[in-house]
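Novice: What follows is a predicted protein model with its sequence.
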Amino acid sequence: MNGMDEIVALYGEHGRPVGSAPRSRVRAENLHHGATAIVVLDPAGRLYVHRRTDTKDVFPGMYDVCAGGVLLADEDPYDGAVREVAEELGVTGMPLTPIFTGRYSDEHTSYTAFGYVVEGYDGAISWQPEEVAWGDWWELAEIVRRLDDPLWPLVPDSRALVGPWLRERGGQVAE
């Protein structure tokens, strides 16, 4: 269900749902909502990186290191993550392991993020054409190296929220 009228879960300061609103209102008023971020790793430990379509409402055309999206009203974060990684990349039938919960806010978006990882995925990737323009498997070391490059057009929320986990996973700590 990807439409501007889907009903999105609003989240409060303590990371719990406090209501809901139409997606169009969440975007127009930058309301704090719930969202998921799912890192997908293959059996060799490479991470799936994709470029968002130029028509995305937030951070169009930028690279991302995770699939994800808004939580719908009354949707459990785990269930939302399973739905999003299936819709966006076609990844199904794999367990998701929680890796972080965090908050992100800027002038474009504000949300409580529930991060997960899919480990050892060796199936086909099937892009959602409205969301994904390109994608490929990247070595974790290359992604960690690029995290410090301000010219690499990585979505800022993934850089802030997923970056620390990627550094830790890759064996590097930010200075």
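Specialist: That came in fine, so what should we check first?
Novice: Longest helix in the chain, please.
Specialist: Counting residues, the longest helix found in the chain (DSSP state H) is helix 77-89.
Novice: Which other helices and strands does it contact?
Specialist: If you count contacts as 3 or more C-beta pairs under 8 Å, 6 or more residues apart in numbering; DSSP states H and E, helix 77-89 packs onto strand 33-40, strand 67-70, strand 110-118, strand 132-138. For glycine as for every other residue, the C-beta is placed from the backbone atoms N, C-alpha and C.
Novice: if we go to 10 Å?
Specialist: Contact here means 3 or more C-beta pairs under 10 Å, 6 or more residues apart in numbering; DSSP states H and E; on that basis helix 77-89 packs against strand 33-40, strand 47-52, strand 67-70, strand 97-105, strand 110-118, strand 132-138.
Novice: What about residue 133, how many residues nearby?
Specialist: Look at residue 133: counted by other C-beta atoms under 10 Å, it has 16 neighbours.
Novice: Kindly report the same for residue 49.
Specialist: 20.
Novice: mind checking the end-to-end distance for stretch 28-44?
Specialist: With C-alpha to C-alpha, to the nearest Å as the measure, stretch 28-44 spans 41 Å from end to end.
Novice: Buried residues of it, list them for me.
Specialist: Neighbour counts over stretch 28-44 (16 or more other C-beta atoms under 10 Å) mark 31-42 as buried.
Novice: Tell me what the residue nearest the centre of the chain is bridged to.
Specialist: By C-alpha atoms, centre = their mean, the chain has its centre lying nearest to residue 37, at 3.0 Å. Beta-bridge partners for residue 37, by DSSP bridges, are residue 68, residue 115.
Novice: I'd say residue 105 and residue 32 touch.
Specialist: Yes - at 7.2 Å, residue 105 counts as touching residue 32 under the criterion of C-beta atoms under 10 Å.
Novice: who touches both of these two?
Specialist: Contact with both residue 105 and residue 32 is made by residues 111-112, according to C-beta atoms under 10 Å, 6 or more residues apart in numbering.
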